[in-house]
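1. This is a predicted model, with the sequence first.
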Amino acid sequence: MISATPPVPKYLLMTGATGLLGRYLLKDLALAGVPLAVIVRPTRRQTARERIESIMQQWEGLLRQTLPRPVVLEGELCEDSLGLEPNDIRWVVENCIGMLHNAASLSFVSTGRDSEPYRSNVNGTRNVLNFCAEAQIRDFHHVSTAYVCGLRTGTCLESELDVGQKFGNPYEESKVEAEKLVRSNKHLKSLTVYRPSIIVGDSETGFTNTFHGFYAAVQLVYTINAHSDTSTKETGHCNRRPSRITLDGSENKNFVPVEWVSAVMAHVISHPEHHGQTYHLTPRNPVTVQTLHLALQAAAKFYGSQLMGKDFFVTDPVDVEKFFYEHIQIYNSYWRNDPHFDSSNTKAVAPHLPCPYIDYQKLVFLARTAIEMNFTWRDKPVKLTETTLVTH
């Protein structure tokens, strides 16, 4: 009797594999048995394959188990055909049935439509969609953001996108444009959209490899305190005039740990019956700016700040206030009060994956971990060998 030839696995093609969420998806999709191919740029220090191998070896050390390797394709999001070589394009056509578009620019400022975040978030998404048509990929998973809501208030539904809202920054506007591009694409047969709120580091280990938003605030107050006078260093308190912050503390922020976002996404991706919907990946309970303020003070030992209220205007800033506002300026829209995000779809398909609560203790833990990391992360360089090289 002749045994049947085992079926050739069909791959999910992924962008953004080396970012914070991407590296967790590499692990979770591997554990879920999803065959994965990734499009990765090389750096001056490492090839595309070496970058992915470094991440996979880190996961194997933490998990103490072997993980299957993704197929690595060297490419570039903002180039035609995603910068792939003809042989790689041919391989994708023959082997990939789905796209997970996770790559994005997180820039809150822009110098124009040809710069970030529009370059990556809008033009890059357009390139990905064009490539999917070229490769006959019709199952699409798109990572958007809950902040496509812009400056809306009240409740934002998973079924809503452009309702005429204004935006707090170019990032929000670019992500709405990208999601509209995806939704209007006639080639796609199935579209699943993931809208995480503010992703922070791992709630268990504290790990992060990006230091935006919350971490930028931590780094700023830590830097201010570290460069204060001698008496400040001795007491651990800022002895200058209190820095006044134009928030009242009641504003809500929706922080979600990266490991939870990845776990929910991997669950949805690995269960086709859950495809075709939009998922708000938002917390059960937001955290207030007052709690954030206290956590920043405790983590960075910066006790010289005071919440004055959103209607307060600093007319006579002292040096520490000038420094603070100059460097936090690009994140002004980040600290506004969030709307309520309905997450009915997420709760329906992943009731077994409740979002860990990011409370005061967790915020202090995440902030102190970033301080210990000196707000930097570099993957351990690896050299590929015959046994680690994944080819296609």
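-> Cool, got the structure.

2. I figured I137 was touching M14, is that so?
-> No. Counting by Cβ atoms under 8 Å, I137 stays clear of M14, with 11.7 Å between them. All C-beta atoms are positioned from the backbone trio N, CA, C, and that covers glycine.

3. Quick check: neighbours shared by those two?
-> By Cβ atoms under 8 Å, 6 or more residues apart in numbering, I137 and M14 have these common neighbours: M99.

4. More neighbours: which of these two?
-> M14 (27 against 22; other Cβ atoms under 10 Å).

5. What residues of stretch 326-334 count as buried?
-> Residues 328, 331, 333-334 are the ones in stretch 326-334 that count as buried (16 or more other Cβ atoms under 10 Å).

6. so how far is that stretch off the chain centroid?
-> On the basis of Cα atoms, centre = their mean, to the nearest Å, stretch 326-334 sits 19 Å off its chain's mean C-alpha point.

7. tell me how far the ends of that stretch are from each other?
-> This stretch, stretch 326-334, spans 15 Å end to end (Cα to Cα, to the nearest Å).

8. Kindly provide the whole-number mean pLDDT of it.
-> The average pLDDT for stretch 326-334 rounds to 76.

9. Stretch 38-55 now?
-> Per-residue pLDDT values over stretch 38-55 give a mean of 96.

10. Quick check: end-to-end length of that stretch?
-> Using Cα to Cα, the end-to-end distance of stretch 38-55 comes out at 13 Å.

11. which residues are contacting it?
-> 13-15, 17-18, 23, 26, 69-77, 82, 84, 379-384, 388-390.

12. And for stretch 336-348?
-> For stretch 336-348, contacts defined as Cβ under 8 Å, 6+ apart pick out 146, 149, 151-158, 168, 195, 197, 250-254, 264, 277-282, 286.

13. just checking, next helix/strand downstream of the helix or strand hosting Y194?
-> Element membership for Y194, per DSSP states H and E: strand 190-196. Proceeding N to C from strand 190-196, the next assigned helix or strand is strand 198-200, under DSSP H and E.

14. where does the stretch 51-200 of the chain dip in pLDDT?
-> Applying pLDDT under 70 to the stretch 51-200 of the chain flags no residue at all.

15. So what are the sheet partners of the strand holding Y194 and their directions?
-> According to DSSP bridges, strand 190-196 forms sheet pairs with strand 139-143 (parallel), strand 278-281 (parallel).

16. Generate TSV for those strands, with distance to T125 as supplementary columns.
-> As requested, the strands paired with strand 190-196 are arranged in TSV below (distance: least, Cβ to Cβ, whole Å):
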stretch	distance to T125
strand 139-143	8
strand 278-281	16
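
17. so which of the ones you listed gets nearest E173?
-> Closest approach to E173 among those (Cβ to Cβ): strand 139-143, 16.6 Å.

18. so how far is that closest one off the chain centroid?
-> With Cα atoms, centre = their mean, you get 15 Å for strand 139-143.

19. after it comes which helix or strand?
-> Using DSSP H and E, the next helix or strand after strand 139-143 towards the C-terminus is strand 155-156.
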